[in-house]
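Novice: no sequence on this one, just coordinates:
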């Protein structure tokens, strides 16, 4: 039985997925490129050809996570014109993203090394992307008085979402919907009446 050859794009995704698992399991600093190459079934130079460095690989993992999260968030708010349901949908999408990308989330939140170089910038881009998305949603649905308030609320939503997601790491029985409902209970009183 012959093995089918992977395309470059397929191999890249395979490396990213295996690297997420390895970094989550061993930690970014302890994981080695030799071990990654062995798990993927390629030589170490192949991985360097794709990503340039271990740090480049981490940046690629974060970039893929940022893209996936944005796509999930956009899809979630397209489902409804109702502001409350749209915000809840965006929160459900975030918590589902955490469920579906538990390894990437673990890498994001456990590694102090992320703060250095391109990985730190990519992590901040992920946060800014979500904040911009939430601010646009809030403004677009008339839930804030001005752009400054929308930006502030968006930062609160993103920060609270991250903290709740960290808390959820030890609570496997809590669903994305339950987590979103917790956030909505805390948030909606403050966002529910922009005229107040």
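Specialist: Good, I have the coordinates. Small disclaimer: the values here were computed from a predicted structure and weren't measured.
Novice: roughly how far apart are residue 188 and residue 43?
Specialist: Distance from residue 188 to residue 43, counting by C-beta to C-beta, to the nearest Å: 54 Å. For glycine as for every other residue, the C-beta is placed from the backbone atoms N, C-alpha and C.
Novice: shaky segments in this structure?
Specialist: Scanning the chain with the threshold set as pLDDT under 70 gives 1-4, 109-117, 190-196.
Novice: all helices for it, in order.
Specialist: When assigned using DSSP state H, the helices of the chain occupy the ranges 8-26, 33-40, 44-51, 54-77, 83-100, 102-110, 117-140, 147-168, 176-191.
Novice: residues near residue 5, how many?
Specialist: 7 (other C-beta atoms under 10 Å).
Novice: returning to that earlier point: now render the helices of the chain as JSON lines, adding mean neighbour count.
Specialist: Compiled in JSON lines, the helices of the chain are given as follows (neighbours: other C-beta atoms under 10 Å):
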{"stretch": "helix 8-26", "mean neighbour count": "17"}
{"stretch": "helix 33-40", "mean neighbour count": "16"}
{"stretch": "helix 44-51", "mean neighbour count": "16"}
{"stretch": "helix 54-77", "mean neighbour count": "19"}
{"stretch": "helix 83-100", "mean neighbour count": "21"}
{"stretch": "helix 102-110", "mean neighbour count": "20"}
{"stretch": "helix 117-140", "mean neighbour count": "18"}
{"stretch": "helix 147-168", "mean neighbour count": "17"}
{"stretch": "helix 176-191", "mean neighbour count": "16"}
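Novice: which residues touch the closest residue to residue 12 other than its chain neighbours?
Specialist: Taking C-beta to C-beta, 6 or more residues apart in numbering, and ignoring the residues beside it in sequence, residue 12 has residue 50 as its nearest neighbour in space, at 5.6 Å. Residue 50 makes contacts with 11-12, 15, 57, as judged by C-beta atoms under 8 Å, 6 or more residues apart in numbering.
Novice: again, but for residue 186
Specialist: Contact criterion C-beta under 8 Å, 6+ apart gives residue 160 as the residues in contact with residue 186.
Novice: Could you do residue 8 as well?
Specialist: Counting by C-beta under 8 Å, 6+ apart, residue 8 makes contact with nothing.
Novice: hang on, the earlier thing: please report how far the residue nearest to residue 12 lies from residue 28.
Specialist: Using C-beta to C-beta, we find residue 50 at a distance of 17 Å from residue 28.
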